[in-house]
Structure formats: structure tokens, C-alpha cells
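Visitor: Build me a structure from this.
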Amino acid sequence: MKIALVAEDASALTHPAGSGPGSQETRVAALAAALAAQDHDVTVYARNDAPGLPDEDKLPGGARAEYLTAGPAEPLPGEDMLPHARAFADGLASAWRRHQPDVVHAVGWTGGLAALAATRDRSFPVVQTFHSLRIAERRHRIGRDGSSRPRGVGPETETGARSRLERAVACSADALIAASSDETNDLASLGVPRSAISVVPFGVDGARFAVEGPAAPRAERPRLIAVATHLRRDGLDTAVRAMAEIPGAELLIVGGPSRPMLRRDEACCDLARLAGSLGVSDRVKFTGQVSQDDMAAVLRSADLMVDMSWYDPFGMSCLEAMACGTPVIASAVGGHFDTVVDGTTGVLVAPGQPAALARRIRRLLASPMLLEGYGIASADRARARYSWDRVARETIAVYDRARRPAVSLAAVEDLEEIEEEVSQSAA
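Guide: Alright, predicted model coming up:
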């Protein structure tokens, strides 16, 4: 099958290992490699958003990438991409006249906007994946910059274009792939029939994240790990506050800015001051940015991974810990509902409640046999459900269904809205 993956802001595809586990380029590159490994012809179409990118490039695993010129050679977040959507759509249409795919898979709402405009008069289907929906971000009070907004702070002023166009893209695609059951509910609330939505999670690199392998050095006291991906919405303050009621344990906050920049980062400084005010500074440590290879060793060294995110559509950090055999205690939000099986591979707790979190952690640390059982079950679940081989097979099954005309969702009025929006944005 000839597969066109559209991910307009994925310029780091050729070097995804330096990106975070939940980054779009990491997910797209891994999916492209997994599909190519099953003998499919995969091309990733991305916008040229960095100086020096070639027109074409080979990707690890056998897929290839084409970088199309659409706007300046720099990252353009969210609605800033809209004025260049027409140029990106035209580049896609031109590429597909030369090499017509069997199916188009768009990742992200701006990628879907361009893909649908490019395929307006063509016969091959479009499958859509959203890496995050604005309806979910607003529900969890996530700002457009990715940070969480405290209770009592009013919503940001925004044009509403993203929310409106996400609905149009969702209702115009021939099939939808949701990363979790939580996302399925959000897509259904936009008017997408549940029968057209397939839940296919993102996978985990089983070669890198596995039980076997070296573990980072550690002291004898219990080690808790929290992964910092979005410092302002990771709920790290909840984990730090809980430390005041977990005597003897240490909390390792992994990720965030590079180590030399830790003292200059406002969010890290806020957490350090909080730890100081609680008298736990000696037991709360910051590693700074960690490579994916080193991350696996750090995860293996932990007794328990703590993820108190206010919003996490994927649960990737939890999944990587599980693959390393490290049990997880996570907030009951988003992708965590699917990733963590409460009472089997770990524990789910309400976010923002440090006292309750501390009680659960104390019980777990006092039950080493239970922790060991959670760790074994976690690794088994990561291998069985989240291998990229299985994810690729399930994705191909969605493509096959989308190629059958009977399941098409395409709504004429939504396609017309997309075409009009793309045309107006280029004016």
C-alpha cells in the first residue's frame, strides 16, 4: 500500500531520538518505520520549517520524507500556520499528482486541513489523527502555549478558528484514529459517529524501553520519578507537596530544560522554592534534560513512577515506565485511563490532591510484593498492547476500511468550509 503521512510541523523526523516521547516527530517517525517494516511504501510530507532541510530525505526504518515550502523556514504553531495552509495544500496536491497514494493519513488539525484541501477532487481517502483537541485542552484549562491555567483565571482570548476547523476536519475525514477512549468521547461530541472512530494508541520503542538493561545509580532509599514534559501542566507541584508526607523517599524530576539552564527556568525555580518551603529540598532533585537512551536507565532505577499531569492525551511517559517494568501511579485523566490498568499495572488517583497521593504512595512502598507484581504486569501490557508492530497492523486495518466508500464520513458542507478557510487564509 502507498501511504502518505501528513505531519506539517515534523521537521525533526530524521533525528527523532532527541525529541521528547510525546513529540509529534517521534510518533510520526516511529509509525512510518513500523508501517515500512510491514512492506508498505511510506512517504511523510512535512512543511519545510527549518533552514537547510533537503527536498527529500530517507527516514530510519525505510520510509522517506518530502519537505514542502509553505511559509517561512521556521516552526509555526497552531493558527499561525493558517496563512500558509493553501501553499502547503498546493504542495501536497502537486506531489500526489506525481505519486498518487492509496491512502492519506494526516496528523494534527493543520495537517488535516491541508490534506483535505489537497484531496478535494481526488478518490483516495483521508484518515485523521489529532494529537490534541482544543475541546479537551479547554476542559483541562490548558492554554494555547501548553501551560495549565489555575482555577479562577479566565480563559484565554482566542479566535475560535482551531475549534471550528477541528470539527470540520473531523467530520470530513473518511476515518478517525483516536489515541484513547477519552479522545473518542471528544470526537463524538464534535459530531463524528462512533462507528467511524478507531482507537489505536501510540506505541512504545520496545528495544529501548525494556526491563532488560542497565539502571541508573541510586541511593538505598525509595526512589520516585516524575517526568517533566510540560512543566506548567505536569502536576509536579502535587508530587513535590506529597513528598512532605513520604519520609525517607526521594523524588527525581527528570526532563525539562538542559541542566545548565535549570537555575534560569522559572517553572523549575518555583518547584525548588516549593520544595524548600516544605523542608524537602534534600529529597527533591532535578536532572534536567535526559536523552531517550538515558531515560530508560533512569526509569529502571525507580521504585515507582509518579505522573500527576493535569492533561495528558497519550500517557507516553507512563507507558515508557511500564515497558521498563516500573509501576506507575498516575492522575485519572486523558490517556492514563487506557494506559494504566488501575489495580493491575498501577494506580490511578485524582489530580491535584497531594495528601491522597502521599497516602497511596506510602501504601505501595510498604508493599514490595505488590509493587513487583505491578511492575511485571506493566511490562507485559506494554509489550502486548503497545508494540509498534501491533500499532502498525491496527493502523493498516483502519486504512483498509477507509478505502471502502461505504464508510466515508465526508460531509460536503464541511469540505466546502475547509476549502473556503484555506483560500481565505492565503489571501
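Visitor: Only C-alpha atoms from now on, for both contacts and neighbour counts.
Guide: Noted.
Visitor: what residues are up against Asn251?
Guide: Slight slip there: residue 251 is Leu, not Asn. Applying Cα atoms under 8 Å, 6 or more residues apart in numbering, we find Leu251 in contact with 223-226, 240, 243, 283-285.
Visitor: can I get those residues in JSON lines with distance to Gly62?
Guide: Putting the contacts of Leu251 into JSON lines (distance: Cα to Cα, whole Å) gives the following:
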{"residue": "Arg223", "distance to Gly62": "39"}
{"residue": "Leu224", "distance to Gly62": "38"}
{"residue": "Ile225", "distance to Gly62": "35"}
{"residue": "Ala226", "distance to Gly62": "34"}
{"residue": "Val240", "distance to Gly62": "43"}
{"residue": "Met243", "distance to Gly62": "46"}
{"residue": "Arg283", "distance to Gly62": "45"}
{"residue": "Val284", "distance to Gly62": "43"}
{"residue": "Lys285", "distance to Gly62": "40"}
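Visitor: Helix or strand with the lowest mean pLDDT in the protein?
Guide: Within the chain, no helix or strand scores below helix 412-426, which has a mean of 61 by mean pLDDT, DSSP states H and E.
Visitor: Okay, now the unreliable bits of the stretch 201-350 of the chain?
Guide: 230-233 (pLDDT under 70).
Visitor: So which residues of it form strands?
Guide: If DSSP state E, counting those that start in this stretch is used as the criterion, the strands of the stretch 201-350 of the chain fall at 223-228, 250-255, 284-288, 304-307, 328-331, 346-349.
Visitor: Quick one, which of the ones you listed gets closest to Arg138.
Guide: Nearest to Arg138, of all these, is strand 328-331, at 17.7 Å by Cα to Cα.
Visitor: Give me the buried positions along the closest one.
Guide: Using 16 or more other Cα atoms under 10 Å as the burial criterion, the residues of strand 328-331 that qualify are 328-331.
Visitor: which other residues reach it?
Guide: When contacts are defined by Cα under 8 Å, 6+ apart, strand 328-331 is touched by residues 304-310, 318, 321-322, 336, 340, 345-351, 361.
Visitor: mind running it again at 7 Å?
Guide: If you take Cα atoms under 7 Å, 6 or more residues apart in numbering as the criterion, strand 328-331 is touched by 304-309, 318, 336, 346-351.
Visitor: Which among those residues count as buried?
Guide: Of the contacts of strand 328-331, these count as buried by 16+ other Cα under 10 Å: 304-309, 318, 336, 346-349, 351.
Visitor: Can you lay out those residues as TSV showing distance to Pro247?
Guide: Formatted as TSV, the buried ones among the contacts of strand 328-331 follow (distance: Cα to Cα, whole Å):
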residue	distance to Pro247
Leu304	15
Met305	17
Val306	16
Asp307	19
Met308	19
Ser309	23
Cys318	24
His336	27
Gly346	21
Val347	20
Leu348	22
Val349	20
Pro351	21
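Visitor: ok, these vs Val104, which is closest?
Guide: If you rank those by distance to Val104 using Cα to Cα, His336 comes first, at 28.5 Å.
Visitor: how about the helices of the stretch 1-150 of the chain, start to end?
Guide: Under the criterion DSSP state H, counting those that start in this stretch, the stretch 1-150 of the chain carries helices at the ranges 24-37, 85-98, 109-118, 134-139.
Visitor: what's the closest of the ones you listed to Ala219?
Guide: Closest to Ala219 of these, according to Cα to Cα: helix 24-37, at 32.2 Å.
Visitor: quick one: the closest one to chain centroid distance?
Guide: Centroid separation between helix 24-37 and its chain, computed with Cα atoms, centre = their mean, to the nearest Å, is 13 Å.
Visitor: same thing with stretch 81-93?
Guide: In terms of Cα atoms, centre = their mean, the centre of stretch 81-93 is found 24 Å from the chain centre.
Visitor: Ok, which of the helices of the stretch 1-150 of the chain comes nearest Asp234?
Guide: For Asp234, the closest of the helices of the stretch 1-150 of the chain is helix 134-139, at 13.5 Å, according to Cα to Cα.
Visitor: mean confidence for the closest one?
Guide: For helix 134-139, the mean pLDDT works out to 87.
Visitor: and Cys171, helix, strand or coil?
Guide: What DSSP: H, G, I helix; E, B strand; the rest coil gives for Cys171 is helix.
Visitor: For it, grab the count of nearby residues.
Guide: By the criterion of other Cα atoms under 10 Å, Cys171 has 27 neighbours.
Visitor: so how far is Ala37 from it?
Guide: Remark: distance between Cys171 and Ala37 (Cα to Cα, to the nearest Å) = 31 Å.
Visitor: How about Gly206?
Guide: Counting by Cα to Cα - Gly206 and Ala37 are separated by 15 Å.
Visitor: what's the answer for Asp282, then?
Guide: 47 Å.
Visitor: the more surrounded of those two?
Guide: Neighbour count, other Cα under 10 Å: between Asp282 and Ala37, Ala37 has more, with 16 against 10.
Visitor: quick one: contacts for the more buried one?
Guide: Going by Cα under 7 Å, 6+ apart, Ala37 touches Gly61.
Visitor: List the residues that contact Asp342.
Guide: Leu348.
Visitor: Tell me the bridge partners for it.
Guide: Note on Asp342: beta-bridge partners by DSSP bridges are Gly346.
Visitor: just Arg64 next, same as before
Guide: With DSSP bridges applied, the residues forming beta bridges to Arg64 are Thr43, Lys58.
Visitor: What is the nearest of the contacts of strand 328-331 to Ala178?
Guide: Using Cα to Cα, His336 comes nearest to Ala178 of the contacts of strand 328-331, at 13.9 Å.
Visitor: ok, so what distance separates the nearest residue in space to that closest one that is not next to it in sequence from Val306?
Guide: Take His336 and drop its neighbours on the chain: the residue closest to it by Cα to Cα, 6 or more residues apart in numbering is Gly315, 5.2 Å away. Relative to Val306, Gly315 is positioned 12 Å away (Cα to Cα).
Visitor: And stretch 205-225, what's buried?
Guide: For stretch 205-225, a neighbour-count test (16+ other Cα under 10 Å) marks 205-206, 208-211, 215, 222-225 as buried.
Visitor: in the stretch 251-400 of the chain, which spans are helices?
Guide: Secondary structure of the stretch 251-400 of the chain (DSSP H, counting those that start in this stretch): helices located at 266-278, 292-300, 316-323, 336-339, 354-365, 368-385, 388-402.
Visitor: so the first one versus strand 223-228, what angle?
Guide: For helix 266-278 against strand 223-228, the angle between stretch directions is 150 degrees (axes from the mean of the first three to the mean of the last three Cα atoms, to 10 degrees).
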